[in-house]
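A.B. asks: sequence plus the predicted model coming up.
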Amino acid sequence: MVKDPKALPPWARELVGSYESGAACQFILHGNVYDRVLVPGPAGSALGNLRDFLLGVLLAPFDVVLCYDLGNGIRVERGGETFSAWPALQRLGELPRAPRAAVEALTHYLRFAANLGRLGKPAPRVAVLLEAAELIAPAGDAGGYDQGAIVLLLREWANDSLIGGHQIATFLVAENLNDLHPLLATNAHAAKIKVPLPDEDALGETLRVLEPAYAVALAGYAGRLDSLAHQLAGVALSSVEQLLKTARHEGKAVDPAGLVALKKSLVENDYSGLIGFVESKRTLDDIYGSERVKAWLRQDIALWKQDDLKALPMGYLFCGPVGTGKTFFVECLAGEAGVPVVKMKNFRDKWVGSTEGNLERIFRLLHALGRCIVFVDEADQALGRRESSSNDSGVSGRIYSMIAEEMSDTDNRGKILWILASSRPDLIEVDIKRPGRIDVKIPLFPTLEPREGFTLLRALCKRVGLAIPEEAYAGLEATIPEMLTPGAAEAIAVKAYRLARTQGLAPVPALAACLVGYQLPVPRDIMDFQIGLAVREASDLEFVPEKMRLTAVR
């Protein structure tokens, strides 16, 4: 296809290798297919779209290049004179626009070109590009008979030995593989080529190409564009271009100090509410107690920063009763680790295939970010089930399968660290919690003694501006609740602050008033049940206080 495949991005080299080896003549391009891409040209590289790259680089040797999409119908991008010599074209008159008629016409032309070659006559090299293929052959069976005919014809482009034996290449472009009809997406004769988000090298090369046109915008990074590329990891080239255009228009340079917030905004905008970033200036020092857990986590973070990944876990599970600070623990870990923490939001959708497509997009981002933590809160609800219920069309099972596969990919060790949080770890599928996906399971517990409860209350009161002296313990000991969680203690501290402000009470009397008649926000039997679950889930009894180890069931 091209003279120097080594100069191509990795995904394009994979495509060229498959075609030139004869392994495939149909290519399903999925992933970051609607982003900008660097297109080499006589005057140097410039930003274009994927179609520009295919036409100008990969498909340059082809005599006839045809494109089709629902909006524009069939277009002859190259070789119009050669294509016009097709005898059937006179009978067709205008090229058809409707999906089935268009695919039939394209199939007819591919067979015509292949037959010329089989008869020993001069035959054109033909490439066909179907853009937004998920709209032409979508997942599901809503299209009925016509959809079935289209799918079978498109499969034939890959499976037919007559077409495959000639210099013909066909391309189906779909952002998400799961949005494409499964008979196409799973066809063993078609090569699935994933176009990733740009990595640091691609971002750096793009910035160097753009620098002359955006000198003012990039003035703050003159001579160190690779540093900017590193900071922009996970951002699409189209968003980078938009950022530079805006800065140039305003006559401003990209501000290094505000780049983290800017990147967060760009990525979240690209991913339409599917993900969010957990931002935290806290560290593990902000957590009261749990010294063994904090020491373990700090050891793992140190190994991560030293690139010593052999002992690094694939994932953690934080479990414990409601209010024990599982989410707060993750926030503090995020600040300690100094890497992006991505929180998966509501990626489920009511449309067929959309949920799986949303997950594909999220995984693309995770791979592009380099090192990151993925936080899944309420994991017992978010991760799906191996066995789908009868009323969700199998979506839950497919979500489970996709996430389980991603979590166990050993290539992600040291790159993507999964953290799950749940007060009901028993409802998380056993396969998700197994070593190789979740290697370390950390239980979090409420306070066990009045002294622990007092220390926790004192620390949280200090956070809201109430100074509780150590000497106050003796007077408060009898009223300090047992099984006090950080969440409950924070609510007490806020209430004490309110009393101090509205009734003029001193800090100690205000706290004492809040403790009289206090009731646990979670019934004791539920608390005991969730504590028992956390003890049994612990991957190491070192994480479990001595008093609770007797309840552990192994």
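C.D. replies: Noted; the coordinates are in hand.

A.B. asks: distance from the chain centre to stretch 301-320, please.
C.D. replies: 19 Å (CA atoms, centre = their mean, to the nearest Å).

A.B. asks: show me the domain layout of the protein.
C.D. replies: Residue ranges for the domains of the chain, per automatic domain parsing: 5-195, 200-270, 277-443, 450-515.

A.B. asks: using a markdown table, lay out these together with mean pLDDT and mean neighbour count.
C.D. replies: Yep, even glycine has a C-beta here, placed from its N, CA and C like the rest. Converted to a markdown table, those look like this (pLDDT from 0 to 100; neighbours: other CB atoms under 10 Å):
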| stretch | mean pLDDT | mean neighbour count |
| --- | --- | --- |
| domain 5-195 | 92 | 18 |
| domain 200-270 | 88 | 17 |
| domain 277-443 | 85 | 18 |
| domain 450-515 | 92 | 18 |
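
A.B. asks: got those as TSV, with distance to residue 547 columns?
C.D. replies: Output for the domains of the chain, formatted as TSV (distance: least, CB to CB, whole Å):
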stretch	distance to residue 547
domain 5-195	49
domain 200-270	43
domain 277-443	13
domain 450-515	11
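
A.B. asks: out of these, which comes closest to residue 546?
C.D. replies: Set against residue 546 and scored by CB to CB, the domains of the chain come closest in domain 277-443, at 11.4 Å.

A.B. asks: measure that closest one end to end?
C.D. replies: End-to-end distance of domain 277-443 (CA to CA, to the nearest Å): 24 Å.

A.B. asks: how far away from the center of its chain is that domain?
C.D. replies: Centre-to-centre, domain 277-443 and its host chain are 12 Å apart (CA atoms, centre = their mean).

A.B. asks: on that earlier part again, closest to residue 543 out of the domains of the chain?
C.D. replies: Nearest to residue 543, of all these, is domain 277-443, at 5.6 Å by CB to CB.

A.B. asks: just the helices in the stretch 451-554 of the chain please.
C.D. replies: Using DSSP state H, counting those that start in this stretch, the helices of the stretch 451-554 of the chain run over 473-476, 486-503, 507-515, 524-537.

A.B. asks: kindly report the same for the stretch 51-200 of the chain.
C.D. replies: Counting by DSSP H, counting those that start in this stretch, residue ranges of the helices within the stretch 51-200 of the chain are 80-84, 88-92, 99-118, 133-136, 144-159, 161-164, 182-185, 200-210.

A.B. asks: ok, which of those helices comes nearest residue 37?
C.D. replies: Nearest to residue 37 among the helices of the stretch 51-200 of the chain is helix 200-210 (8.8 Å), distances taken as CB to CB.

A.B. asks: tell me which other helices or strands the helix or strand following the closest one touches.
C.D. replies: Counting by DSSP states H and E, the element after helix 200-210 in chain order, helix or strand, is helix 225-231. The helices and strands touching helix 225-231, judged by 3 or more CB pairs under 8 Å, 6 or more residues apart in numbering; DSSP states H and E, are helix 200-210, helix 259-270.

A.B. asks: how about those in CSV, adding distance to residue 192?
C.D. replies: Below are the helices and strands packed on helix 225-231 laid out as CSV (distance: least, CB to CB, whole Å):
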stretch, distance to residue 192
helix 200-210, 21
helix 259-270, 23
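
A.B. asks: nearest to residue 35, out of these?
C.D. replies: Across these, the minimum distance to residue 35, taken as CB to CB, is reached by helix 259-270, at 9.2 Å.

A.B. asks: what residues does that closest one touch?
C.D. replies: Helix 259-270 is contacted from outside by 228, 231-232, 234-236, 239, 243, 254-255, 275-277, 279, 365, using CB atoms under 8 Å, 6 or more residues apart in numbering.

A.B. asks: which of the residues you listed lies closest to residue 130?
C.D. replies: Comparing the contacts of helix 259-270 against residue 130 with CB to CB places residue 236 closest, at 22.5 Å.

A.B. asks: for that closest one, which non-adjacent residue is closest in space?
C.D. replies: Among residues not flanking residue 236 along the chain, residue 35 sits closest, at 4.7 Å (CB to CB, 6 or more residues apart in numbering).

A.B. asks: so what's that neighbour up against?
C.D. replies: Contacts of residue 35 by CB under 8 Å, 6+ apart are 50, 195, 197, 198, 236, 237, 238.

A.B. asks: could you redo the last one with a cut-off of 6 Å?
C.D. replies: Applying CB atoms under 6 Å, 6 or more residues apart in numbering, we find residue 35 in contact with 236, 237, 238.

A.B. asks: can you list phi and psi of it for me?
C.D. replies: Phi and psi for residue 35, reported as degrees, to the nearest 10, are phi -90, psi 170.

A.B. asks: and it, how far from residue 138?
C.D. replies: According to CB to CB, to the nearest Å, residue 35 and residue 138 sit 22 Å apart.

A.B. asks: my guess is residue 37 meets residue 54, correct?
C.D. replies: No: here residue 37 does not reach residue 54: they are 9.6 Å apart, not a contact under CB atoms under 6 Å.

A.B. asks: residue 38 should be in a strand, yeah?
C.D. replies: Yes: the assignment for residue 38, made by DSSP: H, G, I helix; E, B strand; the rest coil, places it in a strand.

A.B. asks: distance of it from residue 203?
C.D. replies: For residue 38, the distance to residue 203 - CB to CB - is 10 Å.

A.B. asks: how about residue 184?
C.D. replies: Distance, residue 184 to residue 203, using CB to CB: 32 Å.

A.B. asks: what does residue 240 give?
C.D. replies: Going from residue 240 to residue 203 by CB to CB gives 7 Å.

A.B. asks: re earlier: now tabulate the helices of the stretch 51-200 of the chain in CSV and tack on distance to residue 431.
C.D. replies: Listed next are the helices of the stretch 51-200 of the chain as CSV, based on distance: least, CB to CB, whole Å:
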stretch, distance to residue 431
helix 80-84, 53
helix 88-92, 54
helix 99-118, 40
helix 133-136, 30
helix 144-159, 33
helix 161-164, 39
helix 182-185, 23
helix 200-210, 34
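
A.B. asks: of all those helices, which lies closest to residue 9?
C.D. replies: Residue 9 lies closest, by CB to CB, to one member of these: helix 200-210, at 6.7 Å.

A.B. asks: residues making contact with the closest one?
C.D. replies: Against helix 200-210 from outside (CB under 6 Å, 6+ apart): 38, 45, 225, 226, 229, 230, 232, 233, 237.

A.B. asks: equivalent analysis for stretch 464-473, please.
C.D. replies: Contact with stretch 464-473 is made by 454, 458, 461, 493, 496, 497, 507, 508, as judged by CB under 6 Å, 6+ apart.

A.B. asks: how about the spatially most central residue of the chain, what does it touch?
C.D. replies: The centre of the chain sits closest to residue 362, judged by CA atoms, centre = their mean, with a distance of 2.2 Å. By CB under 6 Å, 6+ apart, the contact list for residue 362 reads 274, 275.

A.B. asks: who wins for proximity to residue 25 among the helices of the stretch 51-200 of the chain?
C.D. replies: Nearest to residue 25, of all the helices of the stretch 51-200 of the chain, is helix 161-164, at 4.9 Å by CB to CB.
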